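below is the sequence, then the predicted model.
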There are 2 protein chains.
Amino acid sequence: MYRIGEFSKLGKVTVKTLRYYDEVGLLTPAQTDEWTGYRYYETAQLSRLQEILALRQMGFSIPEISEITGGRGEEEILEKRKAELEEERHALEDRLRRLHHYISQKQEGIHMAYQIVVKDIPACTVFSYRTVIPAYSDLMSLMPEVGAKVAAANPQVKCTEPEYCFIAYHDGEYREKDIDIEICQAVTSPGTDADGVVFKQMPAVKVASTLHKGAYESIGAAYAAVFQWLDANGYKPAGEPRESYIDGIWNKEDASDWLTEIQIPVTVA
Amino acid sequence: MYRIGEFSKLGKVTVKTLRYYDEVGLLTPAQTDEWTGYRYYETAQLSRLQEILALRQMGFSIPEISEITGGRGEEEILEKRKAELEEERHALEDRLRRLHHYISQKQEGIHMAYQIVVKDIPACTVFSYRTVIPAYSDLMSLMPEVGAKVAAANPQVKCTEPEYCFIAYHDGEYREKDIDIEICQAVTSPGTDADGVVFKQMPAVKVASTLHKGAYESIGAAYAAVFQWLDANGYKPAGEPRESYIDGIWNKEDASDWLTEIQIPVTVA
DNA sequence: CTAAGCTCTCCCCCAGCAGGAGAGTCAACA
DNA sequence: TGTTGACTCTCCTGCTGGGGGAGAGCTTAG
């Protein structure tokens, strides 16, 4: 019979751990003094402890170890754990790649003007108007027009708050002329289609996102940064890039205050 | 000015998270109503949020993010984080390999009689007696003799409690005859060398350990299991195997109750 | 008999939020 | 003007696997 301190030396675990395992029912001492509460262990418990430690070193949680050693549904748990570990590894490698990219950007003297983040965009209902515009500059005049059309045909339709208004680019590549775009604006409930404007559900998507501050002329740099990032971090574009307008001429006079979010739908690769 | 709920939708984070970031001083709202406590955010904070999220997605902790964005010692932190991540990956792969090995053992119908665990053995003072014995069976008679020698020359020397008494095998390979062994016994303080017995410090080592229950005849299976495990899990032996005697003839009559721990010093590879 | 070294229970702490209680606020609608 | 209903506030608890420490009781050797 060993007291807890001796047993902890035998098994190379801390006393705290042994008490904890007792508390959660994972390793009960062979005997516990009813009056003093002293725990007494036998060498037979060492095997049990060894088993627990082996499983812990594989990363199993305490309840899982209880189940496994209890002999219930071991295989499922093992396979589940394996899948979890694989996913953890995935996440870890993702982090490492991002960190590498971040460091290398920094070393190149780039001030990391563009921070790229992966987000989940929830599904939403939008009205959309797809067209081809001759030039980028025609965009800002077109948007109010579309808004007016919708308001005329659907007086009850309300935009979400905060607004989520974006352009989806349907061209596979960058173009300066005759750009195939889709103006989208999230609304709280669908309305009736009219005059080229259609209501539709946008499914939830995972996107790589970055913010561009300032006038639209220099927005190409943001796209460049995010596409470079995608490449370096093992993501693949999977849908139409969206340009979401947060601040612009309608609420900020100074163009240097404008804020646009670029969202590139991605697959995790 | 956005209220917290709106801002949370803009940034795709939860309200809880924003409140938490406020609490820890990572992202303070542009304005907080003194009377109601309502938090009001501006779009300018979106950039800050984006930065925070980007760093979080690289796995930085909140204090680290504070430091990085505070501009103090970024490089060190980045490098430190990188090293940590690499180590995490190491640990993860270790876990995965162990799990694989465990599963495959199980699938082969082996009941996992031997659980292998990696432990740190702390440094200790031992007396040791190295010799070559003709056969394994001579061991058990030799050990009390050595104990007696030590006791005679060093009456004040005390063994540690619990005992740590082991044989280190100095042959590189398995032998049945003329085995080069070193009998070691941990003591609380060094004594004077005498009659082939020397006191020495054993440094702390990392070992792969397993328990063998039963008579010594079948202990080969334990060695086989642990060496196979080493191989499958990317560990390399790095020192003399130790056989530590926990239960034996001296305290258990029935040989099936004997308990021996096998410890193979390893490098993490 | 006492002092040292164990051991006991109980409570707080870690990260990064999530969930919920109970109370106050804001804007619209009747 | 009152009343909803949707928001928001603060405060508390919980999650993992124990670590650290307080204060009290136990054991054992000198």
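Cool, the structure landed.

so where do the strands sit in the stretch 101-250 of chain A?
A:117-121, A:124-135, A:165-169, A:177-187, A:197-202, A:205-213, A:236-237, A:242-247 (DSSP state E, counting those that start in this stretch).

dump the ones you listed to CSV, plus mean pLDDT.
Putting those into CSV (pLDDT from 0 to 100) gives the following:
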stretch, mean pLDDT
strand A:117-121, 96
strand A:124-135, 94
strand A:165-169, 96
strand A:177-187, 94
strand A:197-202, 94
strand A:205-213, 97
strand A:236-237, 96
strand A:242-247, 96
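
those: which one's closest to residue B:117?
Closest to residue B:117 of these is strand A:117-121 (CB to CB; 37.8 Å). Heads up, the C-betas are built off the backbone N, CA and C, glycines and all.

buried stuff in the closest one?
Neighbour-count burial for strand A:117-121, counted by 16 or more other CB atoms under 10 Å in any protein chain shown, picks out A:117-119, A:121.

how about the residues of chain A by DNA strand C?
Proximity of chain A to DNA strand C is confined to A:3-6, A:15, A:19, A:36-39 under the rule CB under 7 Å from any atom of the strand.

what are the contacting residues of stretch A:74-90?
Contacts with stretch A:74-90, where a contact means CB atoms under 8 Å, 6 or more residues apart in numbering or on different chains, come from A:58-60, A:64, A:67-68, B:89, B:92-93, B:95-96, B:99-100, B:102-103, B:106.

quick one: mean pLDDT for it?
Over the span of stretch A:74-90, the pLDDT mean works out to 91.

try stretch A:214-231
The pLDDT scores in stretch A:214-231 average 94.

C-alpha coordinates for it, PDB please?
In PDB, the C-alpha atoms belonging to stretch A:214-231 read as follows (Å, rounded to 0.1, in the frame of the first residue of the first chain):
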ATOM      1  CA  GLY A 214      -9.600  54.900 -49.700                       C
ATOM      2  CA  ALA A 215     -10.700  55.600 -53.200                       C
ATOM      3  CA  TYR A 216     -11.500  52.900 -55.600                       C
ATOM      4  CA  GLU A 217      -8.600  53.600 -58.000                       C
ATOM      5  CA  SER A 218      -6.200  51.700 -55.800                       C
ATOM      6  CA  ILE A 219      -8.500  48.800 -55.000                       C
ATOM      7  CA  GLY A 220      -6.500  46.600 -57.300                       C
ATOM      8  CA  ALA A 221      -3.800  46.400 -54.700                       C
ATOM      9  CA  ALA A 222      -6.300  44.800 -52.300                       C
ATOM     10  CA  TYR A 223      -7.300  42.200 -54.900                       C
ATOM     11  CA  ALA A 224      -3.700  41.500 -55.600                       C
ATOM     12  CA  ALA A 225      -2.900  41.000 -51.900                       C
ATOM     13  CA  VAL A 226      -5.800  38.700 -51.200                       C
ATOM     14  CA  PHE A 227      -5.200  36.600 -54.300                       C
ATOM     15  CA  GLN A 228      -1.600  36.300 -53.400                       C
ATOM     16  CA  TRP A 229      -2.600  35.300 -49.900                       C
ATOM     17  CA  LEU A 230      -5.000  32.600 -51.300                       C
ATOM     18  CA  ASP A 231      -2.200  31.200 -53.200                       C
END
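
wait, does it contact chain B?
No - on the criterion CB under 8 Å from any CB of the partner chain, stretch A:214-231 is out of touch with chain B, staying 9.9 Å away.

residue in chain A nearest to DNA strand C?
residue A:5 (2.5 Å; CB to the nearest atom of the strand).

longest helix anywhere in chain A?
Identified as the longest helix of chain A according to DSSP state H is helix A:74-107.

interface residues of the stretch 151-269 of chain A facing chain B?
Going by CB under 8 Å from any CB, the residues of the stretch 151-269 of chain A near chain B are A:161-162, A:209-211, A:213, A:246-247, A:259, A:261.

any low-confidence regions in the stretch 1-150 of chain A?
Applying pLDDT under 70 to the stretch 1-150 of chain A flags residues A:110-112.

can you give the domain ranges for chain A?
Taking automatic domain parsing as the domain assignment, the ranges for chain A are A:2-70, A:74-109, A:117-267.

looking at these, spot the one closest to DNA strand D.
DNA strand D lies closest, by CB to the nearest atom of the strand, to one member of those: domain A:2-70, at 3.0 Å.

check contacts around the nearest residue to residue A:158 once chain neighbours are set aside.
Spatial nearest neighbour of residue A:158, chain neighbours left out: residue A:188 (4.9 Å); criterion: CB to CB, 6 or more residues apart in numbering or on different chains. Neighbouring residues of residue A:188 by CB under 8 Å, 6+ apart: A:125, A:157-160.

do that again at 10 Å, thanks
By CB atoms under 10 Å, 6 or more residues apart in numbering or on different chains, the contact set of residue A:188 is A:124-125, A:156-161.
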